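>>> This is a predicted model, with the sequence first.
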Amino acid sequence: MITITTDFGYQDHYVAVMKGVILKINPEVKIVDITHAVRRHDIRHASYILRCILPYFSNAVHLFVVDPGVGTERRGIAAKLKTGWFVGPDNGILTFVQEEVEEVYEILAEEKSTTFHGRDVFAPAAARIEMGDFSMLKKIGKFVKFPYRRARRDGSIIRGEILHIDHFGNIITNIPQRMVKDAHFIQLENTKIRMVKSYGYARKGELIALINSEELLEISVNQGAASEKLSLKPGDSIEIELIP
């Protein structure tokens, strides 16, 4: 199986061309579209998506083309993960799954275009890797990571960062469930926020905190958008106080 994630959108032909390249090399492969609506050039968004989908696709090849550095000196890489492979640009997409990476390889490919490596480099590599052909790979030691603050708890204070803001305006942090399991409220700056089990346990328009489906602390508004109430964006640091 090959999964495909890009920021190409849905109105152009780019994704279809990549699929055509893959199927010409490997006509029996199953292709799964994850999304082509990654925010344009947003490597952090792509990294979060990779983190979320990995547990559900055993031994798949994950083809990611979110590539603002296309045509520059940045490398194309393939990474062997604990389950499956990643194929894409070496620009930080592996940051949120770096503990899953076992080996990293540079993709040795002739560049036919300086603007469409998804077609000319990454799609052919993904197709061949899925078939067990690794002849285009050269082992390397390191891969690019963007700055990232891991969640830390000091007494009742937790410091972390915003991983993602989703389509609904929910603010997803990197603070795991185990750090907040005893809290009934959290204090964020001057705002006291109630912890609830799910959105439906809140009043319409109420700012709430909950543990989401990825077992991470999320700040939400029932039938609204927390991102419109709080001036937070992906990558921002966050400090909360737990209130029993």
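Thanks, I have the structure now. Numbering: from 1, shown residues only.
>>> going forward, measure contacts between C-alpha atoms and count neighbours the same way
OK.
>>> What segments of this protein are helices?
14-25, 43-53, 117, 123-130, 177-180, 226-229 (DSSP state H).
>>> how about CSV for those helices, with distance to residue 150 added?
Formatted as CSV, these follow (distance: least, Cα to Cα, whole Å):
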stretch, distance to residue 150
helix 14-25, 34
helix 43-53, 14
helix 117, 32
helix 123-130, 31
helix 177-180, 12
helix 226-229, 22
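>>> hey, which of these is tucked in deepest?
Counting by mean count of other Cα atoms under 10 Å, helix 123-130 has the highest mean neighbour count of the helices of the chain, with a mean of 24.
>>> Centre of the chain to it, how far?
The chain centroid and the centroid of helix 123-130 are separated by 21 Å under Cα atoms, centre = their mean, to the nearest Å.
>>> before we move on, back to that, need the helices of the chain in CSV (columns: mean pLDDT).
Shown next, in CSV, are the helices of the chain (pLDDT from 0 to 100):
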stretch, mean pLDDT
helix 14-25, 98
helix 43-53, 97
helix 117, 94
helix 123-130, 98
helix 177-180, 94
helix 226-229, 93
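>>> In contact with the spatially most central residue of the chain, which residues?
By Cα atoms, centre = their mean, the chain has its centre lying nearest to residue 48, at 2.1 Å. By Cα atoms under 8 Å, 6 or more residues apart in numbering, the contact list for residue 48 reads 96, 163-164.
>>> Could you measure from the residue nearest to residue 145 when sequence neighbours are not counted over to residue 202?
In this structure, residue 145 finds its nearest non-sequential neighbour in residue 92, 4.3 Å apart by Cα to Cα, 6 or more residues apart in numbering. Counting by Cα to Cα, to the nearest Å, the gap from residue 92 to residue 202 is 37 Å.
>>> One more: residue 27?
From residue 27 to residue 202 the distance is 50 Å (Cα to Cα).
>>> Neighbour count: these two, which is higher?
residue 202 (18 against 11; other Cα atoms under 10 Å).
>>> Quickly list the domain ranges of this protein.
Using automatic domain parsing, the domain ranges for the chain come out as 2-140, 152-243.
>>> Quick one: buried ones out of the contacts of residue 48?
Buried by 16 or more other Cα atoms under 10 Å: 96, 163-164, out of the contacts of residue 48.
>>> before we move on, the earlier item: for residue 87, find the nearest of the helices of the chain.
helix 123-130 (6.3 Å; Cα to Cα).
>>> And that closest one, what does it pack against?
Contacts defined by 3 or more Cα pairs under 8 Å, 6 or more residues apart in numbering; DSSP states H and E place helix 123-130 against strand 2-6, helix 14-25, strand 61-65.
>>> May I ask you to name the longest strand in this protein?
The single longest strand within the chain, with elements called by DSSP state E, is strand 157-165.
>>> Number of residues surrounding residue 183?
Residue 183: 14 surrounding residues under other Cα under 10 Å.
>>> quick check, distance from stretch 98-105 to the centre of its chain.
Centroid displacement of stretch 98-105 relative to its chain, using Cα atoms, centre = their mean, is 15 Å.
>>> ugh, wrong one, stretch 184-198
Remark: stretch 184-198 is offset 26 Å from the chain centroid, using Cα atoms, centre = their mean.
>>> next one: stretch 158-177
Stretch 158-177 has its C-alpha centroid displaced from the chain centroid by 12 Å (Cα atoms, centre = their mean).
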